[in-house]
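>>> pasting a predicted model and its sequence here:
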Amino acid sequence: MTKLSVNINKIATLRNARGGNVPDLLKVATDIQKFGGQGITIHPRPDERHIRYQDARDLKSIVCTEYNIEGNPEKTFIDLVLEIKPTQVTLVPDAIDAITSNAGWDTIKHKDFLTEIVQEFQRNGIRTSIFVDPALEMIEGAKIIGTERIELYTEAFAHEYSLGNKNGIDPYVKSAILANELGLGINAGHDLSLDNIQFFSQNIPGLLEVSIGHALISEAIYLGLDNVVNMYLQKLK
Ligand SMILES: CC(=O)[C@@H](O)[C@H](O)COP(=O)(O)O
Ligand SMILES: NCC(=O)COP(=O)(O)O
């Protein structure tokens, strides 16, 4: 079965909009796990626009499932992850000014850099995952680097699927078959949603984990609106 790790970046975005502690990130993480979520993912960025470095520390004692920290391995990120020692670190090559992650690693070009970082995390007992596009040479590169897992960057699949193009999954299936042959664990994420997750998970052999944030939190708002609007109407009677 594929594990669901919930990315709570968007909860932090909402909290930061008012400067207080609503919604309470730690309570949300606790509740997600209580409701069956099998992991918590965060992706702190250097500008701390959503997850703050202190959130990452505070979550350490709250996350009793899998704790996955994603980010670009610059020095402050590496130090943070080594301090917290989560279950898994996912290395993502996002530019400092990127709105969100928008590409996987070139695992051939950055082989030496990634190998060194992967080994440092592994020496500290942290499982590593490398964010990659569904390209066979990038999967082979990830294997050479020595990571335990890859995370397939699913934006292209999600986009094609939203247009009705189900064959957008083909490169992901080929990548997964190769990753399985090479003994790499497979995670996936970005723009996965209630619309596309079943099709994706049923077609990707050996999919261990998906991390989902933007759509899941948006869906939670949509699906909760009816209930909450009616609760307010009751109070106003
Ligand atoms: C690697 C990935 O696809 C996600 O972690 C995504 O980058 C979430 O980050 P934002 O919430 O900042 O978009
Ligand atoms: N690794 C992907 C992730 O954590 C969440 O991405 P998204 O669902 O916010 O696009």
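Thanks, I have it. Ligands and ions are numbered 1, 2, ... in the order given.

>>> contacts for the helix or strand hosting Val6?
Assigned by DSSP states H and E, Val6 belongs to strand 3-7. Strand 3-7 has contacts (C-beta atoms under 8 Å, 6 or more residues apart in numbering) with 32, 36-43, 65-66, 68, 70, 189, 208-214, 216. The way it works is simple: take the backbone N, C-alpha and C, and place the C-beta from them, glycine included.

>>> paired strands for that strand, with orientation please.
strand 39-42 (parallel), strand 207-212 (parallel) (DSSP bridges).

>>> comparing those strands, which comes out most buried?
Highest mean neighbour count of those: strand 39-42, a mean of 26 (counted as mean count of other C-beta atoms under 10 Å).

>>> just put the strands paired with strand 3-7 in TSV and tack on mean pLDDT and distance to ligand 1.
Formatted as TSV, these follow (pLDDT from 0 to 100; distance: least, C-beta to the nearest ligand atom, whole Å):
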stretch	mean pLDDT	distance to ligand 1
strand 39-42	98	7
strand 207-212	98	7
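
>>> quick one, which of those strands is nearest to ligand 2?
strand 207-212 (3.4 Å; C-beta to the nearest ligand atom).

>>> would you list every one of the helices in the chain?
Using DSSP state H, the helices of the chain run over residues 9-16, 25-34, 53-59, 75-84, 111-123, 136-145, 155-162, 170-182, 197-203, 214-235.

>>> nearest to ligand 2, of those helices?
Closest approach to ligand 2 among the helices of the chain is made by helix 214-235 (3.4 Å; C-beta to the nearest ligand atom).

>>> list the buried residues of the closest one.
For helix 214-235, the buried set under the neighbour-count rule, 16 or more other C-beta atoms under 10 Å, comprises 214-217.

>>> chain neighbours aside, what residue packs nearest to Val81?
Take Val81 and drop its neighbours on the chain: the residue closest to it by C-beta to C-beta, 6 or more residues apart in numbering is Val89, 5.0 Å away.

>>> do you know how far His159 is from ligand 1?
Distance, His159 to ligand 1, by C-beta to the nearest ligand atom, to the nearest Å: 13 Å.

>>> for that residue, give me its contacts.
His159 touches 168, 191, counting by C-beta under 8 Å, 6+ apart.

>>> tell me the confidence at the residue of the chain positioned farthest from its centre?
What lies farthest from the middle of the chain is Lys237; by C-alpha atoms, centre = their mean that is 42.8 Å. Lys237 is assigned a predicted lDDT (pLDDT) of 96.

>>> the contacts of strand 3-7: which ones sit near ligand 2?
41, 43, 70, 189, 211-214 (C-beta under 6 Å from any ligand atom).

>>> which single residue of this structure ends up nearest ligand 2?
Closest approach between the chain and ligand 2, counting by C-beta to the nearest ligand atom: Gly189, at 2.7 Å.

>>> what about that residue, neighbour count?
Neighbourhood size, Gly189 [other C-beta atoms under 10 Å]: 26.

>>> which residues does the spatially closest residue to it that is not a sequence neighbour bridge with?
Spatially, and ignoring its direct neighbours in sequence, Gly189 is nearest to Ser211 (4.0 Å; C-beta to C-beta, 6+ apart). Taking DSSP bridges as the rule, Ser211 bridges to Ser5, Gly189.

>>> pretty sure Ser211 is touching Glu70, no?
Yes - Ser211 is in contact with Glu70 according to C-beta atoms under 8 Å; the separation is 7.4 Å.

>>> overlap in contacts of the two?
Both Ser211 and Glu70 are contacted by 7, 41, 90, under the criterion C-beta under 8 Å, 6+ apart.
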